[in-house]
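>>> Prediction below, plus the sequence it came from.
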Amino acid sequence: MAVLSVSAAIAQTRILPRTGPRPLIATGMLIAAAGMAWLSQVGVHSTYAGDVLLPLLVEGLGIGLTMATAMNTATLGVKPSDAGVASALVNTGQQIGGSIGTALLSTLAASAATSFISHGPAAAAVHGYTTAFWWAAGIFAVGAVLCGLLLRGGVPEEAPAGELVMAH
């Protein structure tokens, strides 16, 4: 959480005003994909300090760059009278996406564990987790490519009325 908070704050205050959202979101998602791929290397005898902590720090960095920037971008340029509705829509999308993602990855993990149960319960559980981590890494990587292609480039600039708009 500390790495996520610091990376989100730095992204919003220092990097986003200079680069715009596309490089931050795409890079953050690639970093998160790397963290998930690293987590997929855990084994039955892995330790938290040796095998889990560093990948989680990498994951926090990537998600910090991605989520705060995406939230900011989703509500950028919205009229003040529509700000509440826009924010509610973004939060609803985040909640639905998180629910679907959790259900999908849990199902993949459970299926993988079930197919590996003959190796013992601990090995099956770890196999389920690592399978879900690989899928999550792939989803982050695909998301990074899509965001790199679909998000507008450029730095947000002030419109004459004082509202932020994306530069073309």
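Yep, that arrived. Note that the structure is predicted; figures quoted are calculated from it, not measured.
>>> Where does pLDDT dip in this structure?
Counting by pLDDT under 70, the chain contains low-confidence residues at 156-168.
>>> and if we set it to 50?
Under the criterion pLDDT under 50, the flagged ranges of the chain are 167-168.
>>> Identify the residue nearest the geometric centre of it.
By C-alpha atoms, centre = their mean, the chain has its centre lying nearest to Ile63, at 4.2 Å.
>>> Could you say which helix or strand holds that one?
Using DSSP states H and E, Ile63 falls within helix 53-74.
>>> Could I get the buried residue list for the very next helix or strand once past that helix?
As assigned by DSSP H and E, the chain's next helix or strand after helix 53-74 is helix 83-115. Residues of helix 83-115 classed as buried by neighbour count (16 or more other C-beta atoms under 10 Å): 90, 105, 108-109, 112-113. The C-beta positions use only the backbone N, C-alpha and C, and glycine is treated the same way.
>>> can the residues you listed go into TSV with extra columns for distance to Leu150?
Output for the buried residues of helix 83-115, formatted as TSV (distance: C-beta to C-beta, whole Å):
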residue	distance to Leu150
Val90	17
Leu105	23
Leu108	26
Ala109	29
Ala112	31
Ala113	35
